[in-house]
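Engineer: Any chance you could fold what I've pasted below:
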Amino acid sequence: MSAENITRLEVNEKEIVLIGTAHVSKQSAEQVKEVIEAEKPDSICVELDEQRYQSIVNRNKWKDMDIFKVIKQKKATLLLMNLIISSYQKRMGSQFGVQPGQEMIQGIQSAKETDANLVLADRDIQITFARIWHGVGFWGKMKLFFQMIYSFFYNEDISEEELEKLKSQDMLDAMLNDLTVYFPKLKVPLIDERDQYLSQKIKDAPGEKVVAVLGAAHVPGVKKQIEKEHDLSRLSERPKKSKAPAIIAWSIPILILAVIAYTFYANPSVGLQQSISWLLWNGSFSALGTAIALGHPLAVLTAFVAAPITSLYPLVAAGWFAGIVQAYMRRPSVSDFETLNEDVYSVKGFWGNKVTRILLTVVLANLGSTLGTMIGGADVVRLFIENL
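Structural biologist: Modelled structure (predicted):
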């Protein structure tokens, strides 16, 4: 690693040393250790939030996870996305013989060894995801999800040259980079806001000398933003929910029910056709999603039965019911939680682990139900128009 990855700044009579790293580079981790030993900083900032820090220092955190609570709190999709990112990092790291995030781990270890203050300088990843999720719209959410799924299955070896390119990208940024082409606003919560957050946390770190370990993509932004003052509370706000999705979510079932009810009144046989179409499209797609997740037969049946009903009542979702049934029928053992970190490394392990299979059941059953609602709703309207 060359000195070009080191940036020195003077801010408010404080010396700040930024180390731009690649998250899967052994050289990055070695350089972090060398720079900290040479600089002897008062504080060491790492590009981690509390959640990611705990996942590093507490490798057994999965044992304490309540899978039923995850489903009920609507966090299955977020957890699944985090696990996919973890899988992506592990596969890349193994190719180059380094533990993913080793440079952050080294920063934590060096802080203990040198008695420096450890500062978790990044924004809560759940806040970042919430702000991303808020800005991409429905089709953006679908594209974002499938982009991450694709990255999980894409298992081609990465060349040293490609690794060098990754030194200019955060791991999360690298996975979502293609999406910014279609959704330019994604760059704001993913990069720009985090640059502001990181710069303020680094600037506020105690002591006269601070070393900050950052993904290289953030270094230019932090250099630009560190001279300004940033409101961390504003950057940490969850976006206010728009009323439009709720209005749409309730309008569609009301419209579908009204159309079917009127058709039954005018032509009962066509009304029966509409009802059967709604049931079959909704139920079949949700059941198919559950089957793709290799859900228990009873979970598949639950998805089939629940989807046509839950699609008419937006406060609940077919995936919740299918996921809970899956959790009861294939209850995860202690070993499933213990091996979760390793199982997400491969497709076989991802589908084989009972924990991830439950998450897949929830997400894919809901996705199937959404597609079924669109197709089934369109067919109900078609039958209505044809028989006016």
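
Engineer: Any regions of the stretch 151-300 of the chain where pLDDT drops low?
Structural biologist: Scanning the stretch 151-300 of the chain for pLDDT under 70 picks out the ranges 151-183, 242, 244-246.

Engineer: need the strands for it, in chain order.
Structural biologist: Applying DSSP state E, counting those that start in this stretch to the stretch 151-300 of the chain gives strands spanning 209-215.

Engineer: Can you show me the helices along the stretch 151-300 of the chain?
Structural biologist: Using DSSP state H, counting those that start in this stretch, the helices assigned to the stretch 151-300 of the chain run over residues 160-166, 171-176, 179-182, 187, 193-204, 219-225, 232-235, 243-266, 268-292, 297-310.

Engineer: And for the fifth one, what's in contact with it?
Structural biologist: This points to helix 193-204. Helix 193-204 has contacts (Cβ atoms under 8 Å, 6 or more residues apart in numbering) with 11-12, 14, 16, 18, 45, 47, 119-123, 128, 131, 210, 212, 214, 218, 221-222, 224-226, 228-230, 232, 235-236. Where you see a C-beta, it was placed from the backbone N, CA and C, and this is true even at glycine.

Engineer: For that helix, output the C-alpha coordinates as PDB.
Structural biologist: What follows is helix 193-204, C-alpha atoms only, in PDB (Å, rounded to 0.1, in the frame of the first residue of the first chain):
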ATOM      1  CA  GLU A 193     -25.000  11.900   3.600                       C
ATOM      2  CA  ARG A 194     -22.600   9.300   5.000                       C
ATOM      3  CA  ASP A 195     -19.700  11.500   3.900                       C
ATOM      4  CA  GLN A 196     -21.300  14.300   6.000                       C
ATOM      5  CA  TYR A 197     -21.900  12.100   8.900                       C
ATOM      6  CA  LEU A 198     -18.500  10.500   8.900                       C
ATOM      7  CA  SER A 199     -16.700  13.900   8.600                       C
ATOM      8  CA  GLN A 200     -18.600  15.300  11.600                       C
ATOM      9  CA  LYS A 201     -17.900  12.300  13.800                       C
ATOM     10  CA  ILE A 202     -14.200  12.300  12.800                       C
ATOM     11  CA  LYS A 203     -14.000  16.100  13.500                       C
ATOM     12  CA  ASP A 204     -15.700  15.700  16.900                       C
END
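
Engineer: angle of that helix against strand 209-215?
Structural biologist: 160 degrees (axes from the mean of the first three to the mean of the last three Cα atoms, to 10 degrees).

Engineer: starting at the chain centroid, how far to helix 193-204?
Structural biologist: Averaging C-alpha coordinates over helix 193-204 and over its chain gives two centres that are 22 Å apart (Cα atoms, centre = their mean, to the nearest Å).

Engineer: go on, the longest one?
Structural biologist: Put simply, helix 268-292 sits 30 Å off its chain's centre (Cα atoms, centre = their mean).

Engineer: which of the residues in stretch 288-307 are buried?
Structural biologist: Judged by neighbour count (16 or more other Cβ atoms under 10 Å), stretch 288-307 contains these buried residues: 288-296, 299-307.

Engineer: same question, stretch 201-211
Structural biologist: The neighbour-count check on stretch 201-211 (16+ other Cβ under 10 Å) flags 201-205, 210-211 as buried.

Engineer: same deal with stretch 322-335?
Structural biologist: Buried residues in stretch 322-335, counted by 16+ other Cβ under 10 Å: 322-327, 330, 332.

Engineer: Could you save those as JSON lines and add columns showing secondary structure and distance to T370?
Structural biologist: Below are these laid out as JSON lines (DSSP: H, G, I helix; E, B strand; the rest coil; distance: Cβ to Cβ, whole Å):
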{"residue": "A322", "secondary structure": "helix", "distance to T370": "14"}
{"residue": "G323", "secondary structure": "helix", "distance to T370": "15"}
{"residue": "I324", "secondary structure": "helix", "distance to T370": "19"}
{"residue": "V325", "secondary structure": "helix", "distance to T370": "19"}
{"residue": "Q326", "secondary structure": "helix", "distance to T370": "19"}
{"residue": "A327", "secondary structure": "helix", "distance to T370": "22"}
{"residue": "R330", "secondary structure": "coil", "distance to T370": "24"}
{"residue": "P332", "secondary structure": "coil", "distance to T370": "26"}
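
Engineer: is it possible to export those residues to CSV including pLDDT?
Structural biologist: Converted to CSV, the buried residues of stretch 322-335 look like this (pLDDT from 0 to 100):
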residue, pLDDT
A322, 94
G323, 90
I324, 90
V325, 93
Q326, 92
A327, 88
R330, 87
P332, 80
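
Engineer: which one among these gets closest to I108?
Structural biologist: Nearest to I108 out of those is P332 (Cβ to Cβ; 29.2 Å).

Engineer: Excluding chain neighbours, what is closest to the closest one?
Structural biologist: Closest residue to P332 apart from its sequence neighbours, by Cβ to Cβ, 6 or more residues apart in numbering: K354 at 4.1 Å.

Engineer: Next up, the contacts around the one you found.
Structural biologist: Neighbour list for K354: 330-333, 336 [criterion: Cβ under 8 Å, 6+ apart].

Engineer: how about a cut-off of 6 Å?
Structural biologist: Contact partners of K354, counting by Cβ atoms under 6 Å, 6 or more residues apart in numbering, are 330, 332, 336.

Engineer: Give me the phi and psi for the first one.
Structural biologist: Same thing as R330. Per-residue torsions, R330: phi -130, psi 60 (degrees, to the nearest 10).
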